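Colleague: Sequence first, then the predicted structure, then my questions.
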Amino acid sequence: MEKTIIVSNRLPIEIKFENNSVQFNQSVGGLATGLSALHPKDNNIWVGWLGIPEENVPTDELKDEALERVISHDYIPVSLTQQEIVDYYEGFSNRIIWPLFHYFTQYAAFSKKKWHIYQQVNKKFADEILEYADDGDTVWVHDYHLMLVPKLLREKKKKLHIGCFLHIPFPSFEVFRTLPCREAILEGLLGCDLLGFHTLDYQQHFLESVSQLLDAEIKCNDVIFQGKVTRVQVYPMGIDAKKFQEEAQFQMKSSKKKLPLREELENYKKENPNVKYILSIDRMDYTKGIENRIRAFEYFLKYNPWMIGQVRLLMVAVPSRTNVQQYQKLKRDIDELVGRVNSKYATLGWSPIQYFYRSFPFESLIELYTSCDIALITPIRDGMNLVAKEYVMARTGGTGVLILSEMTGAAKELAEALLINPTSYQQISDALTQALEMPEAEQEKRLQRMQERLLKYNVNHWAQEFISDLQQTANRETRIEPLLLNETAYDTFRKKYRQSEKRLFLLDYDGTLVGFKDTPSQAAPDEELLGLIEELSRDEKNNVYLVSGRDRTSLQTWFDKYRIHLIAEHGAYSKRCFDEWCSHPNLNDDWMQSVLPLMEKLTDRTPGSFVEQKKHSLAWHYRKADTELGNAKAKELLKMLNNWIPTLGISLLNGNKVVEVTNGHINKGIAIQEVIHQGNFDFILAMGDDHTDEMMFDKLPTQAISVKVGMDTRTLAKYAVKDFREARKVLEYFIKKDLNKVNVKEKIAALNP
Ligand code: GDG
């Protein structure tokens, strides 16, 4: 039976060795809750580190006991040495990737040694997973500690369904490019079938980096790299919304239950009925904007002195990564800052900031959420930020205001919060004023909308959606990977061909029937091809269409005397044999005025490139330009043109050493659709080599035979041949009348040497 393997740096359990025994605790973090539908279940397992260095396990007996207990819960521990923790976890993950991906480039100090150990530990994880993973199993890898694992798994086991989710932001290309091992990181992630991010921005940043740094092809959300496709999508992580709601309701109702924190807060409120509480909870991390929050609060008090004694900032900073130097410094800075602000504004019975440097049990967390009137969440960068969502869900009393940094992933979903720029003290101060003055009815309305959304898009929804998309994506891969034409396929085609009465051949020209030449004008058909076309068109049952991006004149000059039909300029024009050219009703060329100058400018800066002006399309060819320069400029051009798609209504074709722009409402797919609708064909064969032909393949009925010419990328075609010579042999095969079995075998041997 197929299983799911979850992989994260840390296992969602805590293990301690105390008094010569093993203490084992299940932790109830967001990830563990979200994945509870997957683990524990059937034979699913979770692979991760136990959180303590190998050397700290006291004795072999205790080690065995710990292992036994961990494994009995279907957790597979990966053992790490102290040195690996220093270099892989604290070092590369938390001192290089974490700051860089959160735009704190000044903190990211690359070191070859740390990178080396990061690779080594990723391999350790992959090896452990491979011990348990069988073909058809699903592996879901989590977060930035393990970005090389997908590729390492894929290299060893092609038939795994591999998903990967990054919980932190993916930075813009300009930042990501500063990482010396940037290509290896991208390639590592591209080993998976489905890669998930919290927001569209992170997804776009990733795709941009791929397009700039790798020789990969990007089709919508699919990255095609080294013959493998990775779908890159957005899955905003939710929380266990019901759990927060129910615990809050439970606490409200059960007045008997001893809730020390709440009691203390309520007592204080009784004595000071007008005081409002502002809450902030984060790990002590420089990305969370703790420092600017305190300074903004100080600013608020300075410019709203009548609020002194009326508001309190209740600030929880949970100790985190205490071995990392920057975190130690941050702790010192925050201690000092809180001290300074408190000493400046405190009165005898009141201090502006109540500061806790520790974590609280879950129940106390809810007490804090339910007791505080405002949540002030101000990260400088945050992948998502679950605290914001938790505060909203715990406000079951109907009131409460969320002030949220626009730099968090959560801001994209919580539009009813008061969104602020975390670096602007003025904005934070204004938001505090707005929150303090907000009528209750408005608070309720805003909260309700957010709560409805959070209940629907909860953490289970997040996990289920990801896994279901992963299954689909991975299956799709095997379904549409083209097959090399083989003997059985040939026999079936020939049978179909013979039994059919009305046949349709849809043939691309350049790259499909002829090889590429330096200039388009050199690619005139040779004797062999013309003979083949003539032979094919002689049979009355055959309707042959050349479906090309070429201009009308060339096609007409070359093929006018044959009984074939022509579709020129990607469908802008069509011509039935011995008839006149007709233009497509969607034709409109206004966009050319904007695109042509851009291409001409690029040509100036790219020696060897040139613009081909067709009647209704523009093609920028860079076949003769320096490869590196040509590729780089083509990417630049595509990027610029991409932004123009909505306004100009254009369509971009990233072909083989050519970027072609056409009218977005005209393409080969639309053109052949009309042909197919008009005829009643019982045999259809389509052949093509590039993107423009994919549009044609996309519109074919299921029984059609589609053949991709070239093996470099993925395709919607069912079959593939290596090059134009083999494509010609496919056609030859149909028209030869006296083929016997021996000949068939020879042909196939020649096709697949
Ligand atoms: C990373 C990304 C992304 C906090 N204090 C206590 C406590 N917590 C819990 C909260 C919340 C979790 O810790 C913190 O989650 P965040 O999302 O806010 O932040 P990170 O830890 O940085 O998480 C982040 C997340 O991954 C998920 O993808 O959102 O952007 O950085 O659940 O409730 N829990 C308890 N006591 C505390 O004192 N019990």
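Modeller: Alright, I've got the coordinates.

Colleague: a strand runs through L313, doesn't it?
Modeller: Yes - counting by DSSP: H, G, I helix; E, B strand; the rest coil, one finds L313 located in a strand.

Colleague: just wondering, since we're on it, how far is it from the ligand?
Modeller: Look at L313 and the ligand: by C-beta to the nearest ligand atom, to the nearest Å, they are 16 Å apart. In this view, the C-beta of every residue, glycine as well, is placed from N, C-alpha and C.

Colleague: In contact with that residue, which residues are there?
Modeller: Counting by C-beta atoms under 8 Å, 6 or more residues apart in numbering, L313 touches I278, S280, R293, I294, F297, P352, I353, Q354, L376.

Colleague: can you do 6 Å?
Modeller: Contacts of L313 were listed using C-beta atoms under 6 Å, 6 or more residues apart in numbering, and they are I278, F297, I353.

Colleague: give me phi/psi at the first one?
Modeller: I take that to be I278. phi -110, psi 130 (degrees, to the nearest 10).

Colleague: same thing with the last one?
Modeller: When quoted as degrees, to the nearest 10, the phi and psi of I353 stand at phi -120, psi 130.

Colleague: ok, how many other residues are close to it?
Modeller: Neighbours of I353 under the rule other C-beta atoms under 10 Å: 21.

Colleague: The nearest residue in space to it that is not next to it in sequence bridge partners, please.
Modeller: Distances taken as C-beta to C-beta, 6 or more residues apart in numbering place L313 nearest to I353, at 4.7 Å, with adjacent residues excluded. Bridge pairing for L313 (DSSP bridges) gives the partners I278, I353.

Colleague: L313 and I374, how far apart?
Modeller: Shown here: L313 relative to I374, a distance of 9 Å by C-beta to C-beta, to the nearest Å.

Colleague: do the same with K624
Modeller: Note on K624: its distance to I374, by C-beta to C-beta, is 64 Å.

Colleague: who's more crowded, those two?
Modeller: More crowded of K624 and I374, by other C-beta under 10 Å: I374, with 24 against 14.

Colleague: didn't that one look like it was pressed against A435?
Modeller: Yes - assessed by C-beta atoms under 6 Å, I374 is found in contact with A435 at 4.8 Å.

Colleague: shared neighbours of those two, anything?
Modeller: Joint contacts of I374 and A435 (C-beta under 6 Å, 6+ apart) are V401.

Colleague: What parts of the protein come near the ligand?
Modeller: 30, 167-168, 237, 281, 283, 316, 318, 359-362, 365, 382-387, 390 (C-beta under 6 Å from any ligand atom).

Colleague: of the residues you listed, buried ones?
Modeller: Among the residues of the chain next to the ligand, the ones that count as buried by 16 or more other C-beta atoms under 10 Å are 30, 167-168, 237, 281, 283, 316, 365, 382-387, 390.

Colleague: Among these, which are located in helices?
Modeller: G30, L365, L386, V387, E390 (DSSP state H).

Colleague: any chance of those in TSV, with pLDDT too?
Modeller: Below are those laid out as TSV (pLDDT from 0 to 100):
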residue	pLDDT
G30	67
L365	93
L386	95
V387	96
E390	97
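
Colleague: I'd like to know which helix or strand in this protein has the lowest mean pLDDT.
Modeller: Using mean pLDDT, DSSP states H and E, the weakest-scoring helix or strand in the chain turns out to be helix 741-751, at a mean of 52.

Colleague: Okay, and the beta partners of the residue nearest the centre of the chain?
Modeller: Among the residues of the chain, V232 comes closest to the average C-alpha position under C-alpha atoms, centre = their mean, at 3.0 Å. In this structure, V232 bridges to L195 when assessed by DSSP bridges.

Colleague: Burial check on the residue in the stretch 401-550 of the chain that the ligand sits nearest to, number of neighbours?
Modeller: Using C-beta to the nearest ligand atom, G409 is the residue of the stretch 401-550 of the chain that sits closest to the ligand, at 6.2 Å. Using other C-beta under 10 Å, G409 is surrounded by 27 other residues.

Colleague: Would you map the helices across the stretch 551-700 of the chain?
Modeller: Assigned by DSSP state H, counting those that start in this stretch, the helices in the stretch 551-700 of the chain fall at 552-559, 592-605, 627-648, 668-678, 691-698.
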